[in-house]
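Participant: coordinates only, no sequence provided:
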């Protein structure tokens, strides 16, 4: 698996959450910060992005937002809109909306001043229609999604991105991003066989294209050249070493061997790697081994001893010690906490209370008053 694909596996700790919302002006809704990444696509109409300390930003059809660390934000029908739609009451009594995974009910929400409700006919993941005769044509239609991730262990690439990445539609036209947006929009706007299987994969694909497009824009503009993890991906030697670690985390890597993969001496490689990735080569190897182990514990039922071996630990005790040091839980407890049947409870604001390993609420379906 290549490094950019690994970002998705690191971010996601279960099925991605998604919801389609029809907005009817006037409205203003706050989406709280979550431990993970969020994205938003404007399918129809326009809306205003409101973030604390920054100027309001108008978003139009095809615009994409990516919030790699789940930053709090608001959407409004105008930059001066006051008050907010309170969807918390709806979600408090219908927790399936906030925790739905593939194959479960994910209704389209209809939001305006003073009310927020699901459409009358609930739909399965990704199967919706645009418009509602009882409310008239919406002024904006968005698709929002989120991935739960450990706030204490973000992927280095996501950790260095801006808190809000805005990709206007005109930027996306130079990449595959608008195609991904179009496919997702069409699937969410129809009720066709196979939608429940397609939507999670389309969401993964969308995030990959978002990251690709952003990195290409950075490279073409010359901003932040050669710095950070993005710079590491552009450095042929360091990228080759990272790829080697990702492809075989169980190998007994040494700095000298990684330097050989990079075509550099041990000392030169170590300096370059540390400068770009902000970790020493062997610290990154350990980080990736434990990150891979966490994914295996979430997704597979293999014995813990087998997981330890697959990520390069000959001793289950040594693996358990290292894992608990990083995650605060033993491998067994982490696996139990990651059980997808465990659903987060909703607090009084309507937000999900996530425990380690539990899935976060859908971005766009747990708003509360601004």
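Facilitator: Thanks, I have the structure now. The structure presented is a predicted model; accordingly, all values stated were derived computationally and were not measured.

Participant: mind listing the helices for the stretch 101-250 of the chain?
Facilitator: Remark: helices assigned in the stretch 101-250 of the chain by DSSP state H, counting those that start in this stretch are 156-160, 169-172, 177-188, 195-221, 228-234, 236-247.

Participant: just the buried positions in the last one, please.
Facilitator: The neighbour-count criterion (16 or more other C-beta atoms under 10 Å) identifies 237, 238, 239, 241, 242, 243, 244, 245, 246 as the buried residues of helix 236-247. All C-beta spots, glycine's among them, are computed from the backbone N, C-alpha and C.

Participant: what residue ranges in this protein score low on pLDDT?
Facilitator: 1, 10-16, 81-135, 149-153, 171-175, 189-191, 221-227, 339-370 (pLDDT under 70).

Participant: 50 - rerun?
Facilitator: Judged by pLDDT under 50, the chain has its weakly predicted residues at 86-133, 172, 225, 341-370.

Participant: which two in the buried residues of helix 236-247 are spaced the farthest apart?
Facilitator: The two members of those with the most space between them (C-beta to C-beta) are 237 and 246, at 15.3 Å.

Participant: for residue 55, find the nearest of the helices of the stretch 101-250 of the chain.
Facilitator: helix 169-172 (19.0 Å).

Participant: would you turn the helices of the stretch 101-250 of the chain into CSV with distance to residue 143?
Facilitator: Below are the helices of the stretch 101-250 of the chain laid out as CSV (distance: least, C-beta to C-beta, whole Å):
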stretch, distance to residue 143
helix 156-160, 20
helix 169-172, 14
helix 177-188, 6
helix 195-221, 9
helix 228-234, 26
helix 236-247, 30
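
Participant: who wins for proximity to residue 307 among those helices?
Facilitator: Once the helices of the stretch 101-250 of the chain are compared by C-beta to C-beta, helix 236-247 is nearest, at 16.7 Å.

Participant: for the buried residues of helix 236-247, which one is nearest residue 195?
Facilitator: residue 246 (31.6 Å).

Participant: how near is the residue nearest to that closest one when sequence neighbours are not counted to residue 68?
Facilitator: Nearest residue to residue 246 in three dimensions, chain neighbours excluded: residue 6, at 5.5 Å (C-beta to C-beta, 6 or more residues apart in numbering). Distance, residue 6 to residue 68, by C-beta to C-beta, to the nearest Å: 15 Å.

Participant: burial measure for residue 183, as a count.
Facilitator: 14 (other C-beta atoms under 10 Å).

Participant: I'd say it and residue 199 touch.
Facilitator: No - using C-beta atoms under 8 Å, residue 183 is not in contact with residue 199, being 10.1 Å away.

Participant: residue 6 and residue 68: which has the busier surroundings?
Facilitator: residue 68 (28 against 20).

Participant: my guess is the more buried one meets residue 36, correct?
Facilitator: No - between residue 68 and residue 36 there is no contact under C-beta under 8 Å: 9.1 Å.
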